[in-house]
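Asker: When you get a sec, could you give me coordinates for this:
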Amino acid sequence: MRNVKILFLKELKSYFNSPMAYIFLVLFAIFSGYFFTNTFFLINQSDLRSLFSIIPLIYLFFIPAITMSLIAKESNSGTMEIISTLPIKDVEFVLGKFLAATTLVIIGLGFTLVHFFTLLAVGTNIDFGAILCGYIGLILVGGFYASIGTFTSSLTDNQVVAFIIAITIVIVFFLLDKLLVFMPTGMSGLIQFISVDYHLSNISRGVIDSRNLVYFGTMITIFLLTTVRILEMRKWR
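Answerer: Okay, the predicted model is just below:
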């Protein structure tokens, strides 16, 4: 775990040593703030449903952007060869990168707490349980998309290609439950379960089902383990 911590801090620091983190956080705050305030007073409800519904859409582009360079930059700059000679396991390398990206997403979510305090100031009969579950759901989705971004960053040395592949995959997972009408009846249950939005909507209602946690945990693990496998294969080329 010591190597994971070192890699995590190094990657997180690299975000803030470049404009990447600041651009992400500022744009994330602007977009989420705009859509929240644009609908908050229209629906006249003391909740954050409008915020929780728009952030997954923002994720579709912002998370691939912050993860596209996680591993691709190491391969492109040639530092991957140096890292491979160090006493660092591939799983530690991948986990450190993934946790740094997920932490940046969580920091971005932290900026949206200003909307929660706005709700406290002007709202009544606030469902704190639903709000807490909503944030937990957004963190899980952010971690899932970050694992996808980590995976795609290991596929290529080109960051733009990694970005495009990541966007494609996350959009597919996001749209699955919206395409059920085009799916065979026998597959609809499976397709719905694979869909990200299906599990997020369940959590956002204020009830955390173990099936939702198992889904996110399993999907994150699959993409991270696949990333580790890809790195192992590239070493033997």
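Asker: Identify the residue nearest the spatially most central residue of the chain in space, chain neighbours excluded?
Answerer: The geometric centre of the chain, computed from its C-alpha atoms, lies nearest to G142 (Cα atoms, centre = their mean), at 2.2 Å. Sequence neighbours aside, V105 is the residue nearest to G142 in space, at 3.8 Å (criterion: Cβ to Cβ, 6 or more residues apart in numbering). (Glycine included, C-beta is placed from N, CA and C.)
Asker: check contacts around that neighbour.
Answerer: Residues in contact with V105 (Cβ atoms under 8 Å, 6 or more residues apart in numbering) are Y59, I63, I66, I139, G142, G143, Y145, A146.
Asker: which stretches of this structure form strands?
Answerer: Applying DSSP state E to the chain gives no strands.
Asker: Now for it, the helix or strand with the poorest mean pLDDT.
Answerer: Sorting the helices and strands of the chain by mean pLDDT, DSSP states H and E puts helix 79-84 at the bottom, at a mean of 67.
Asker: Would you mind confirming that the residue nearest to the centre of the chain is in contact with L109?
Answerer: Yes - contact between G142 and L109 holds when scored by Cβ atoms under 8 Å: they sit 7.2 Å apart.
Asker: where are the low-confidence patches of this protein?
Answerer: Using pLDDT under 70 as the threshold, the predicted model of the chain has low-confidence ranges 38-47, 76-78, 80-85, 123-124, 180-182, 235-237.
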